[in-house]
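J.: Coordinates for the following, if possible.
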Amino acid sequence: MIPKLREIEALENLPDEALPPDQDRSLLHLRKWRLIHDYVHDHPFTTDPRPRRSEQWRRAVGHARDIGEIELLDWVLLQVEIASHLERGIRDLRPRKDGPCHELILEYVANRKRKAHAVRRWLKAAGESG
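T.: Residues are numbered from 1 along each chain as shown. Now for the predicted structure:
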C-alpha cells in the first residue's frame, strides 16, 4: 500500500468536525487520487499479450491490490469478470477497452483524479458564491 494513502484514508474516516481546519473531504479525495495516479504512472508493468484477456486482467489484480484503494481493485476485478464473460460467449454490455492493462488502469485513475478535481472546484465555487 502507498504509505501516504493510509494517512489520507485515516483523515477521510474522521467525522466532519474532527477534520483539521484546512482540510475537507473533497480536498482529501483529490489528494488521494493524485497520489494514486502518480504511483501508477511511476510503477508501470507490462501485459503479456499471449494469455486470454481475463488472465491478463487477473495478473493485473496484484498490482491494483498493492496500491490499496478498494475502488480501483473493484474496477480491475470487474474487468476480469467482463473478459471472462466475453471469452465464454456471454454478452456483456458493461464498458471495456482493449489495450495494455497498465495503460487502462492509468486512464481509469486519471479519470477519477479529473472527477475529484471537478468536484473540488465546484464545491469551492459554490462555497464562495453562497
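
J.: Please make it C-alpha for all contacts and neighbour counts, starting now.
T.: Will do.

J.: Helix, strand, or coil at R91?
T.: coil (DSSP: H, G, I helix; E, B strand; the rest coil).

J.: tell me the contacts of it?
T.: R91 makes contacts with H85, as judged by C-alpha atoms under 8 Å, 6 or more residues apart in numbering.

J.: Of all the residues in stretch 97-110, which ones are buried?
T.: 100-103, 105-106, 108-110 (16 or more other C-alpha atoms under 10 Å).

J.: of those residues, closest to R65?
T.: I105 (12.2 Å; C-alpha to C-alpha).

J.: Of all residues in this protein, which one is nearest the centre?
T.: L72 (3.8 Å; C-alpha atoms, centre = their mean).

J.: packing partners for the helix or strand where L30 lies?
T.: Counting by DSSP states H and E, the element that carries L30 is helix 25-42. Applying 3 or more C-alpha pairs under 8 Å, 6 or more residues apart in numbering; DSSP states H and E, one finds that helix 25-42 contacts helix 3-12, helix 101-129.

J.: quick one: I36 from K113, how far?
T.: 9 Å (C-alpha to C-alpha, to the nearest Å).

J.: So these two - more neighbours on which side?
T.: Between I36 and K113, counted using other C-alpha atoms under 10 Å, the more crowded position is I36 (24 against 21).

J.: okay, that one: pLDDT?
T.: Looking at I36, its pLDDT stands at 98.

J.: That one reaches I67, doesn't it?
T.: Yes. I36 lies in contact with I67 (C-alpha atoms under 8 Å); the separation is 7.3 Å.

J.: Look at the closest residue to H117 other than its chain neighbours and say how many residues are nearby.
T.: Ranked by C-alpha to C-alpha, 6 or more residues apart in numbering and with sequence neighbours excluded, the top spatial neighbour of H117 is L30, at 5.9 Å. Applying other C-alpha under 10 Å, we find 20 residues neighbouring L30.

J.: which residues touch L30?
T.: Taking C-alpha under 8 Å, 6+ apart, one finds 113, 116-117, 120 in contact with L30.
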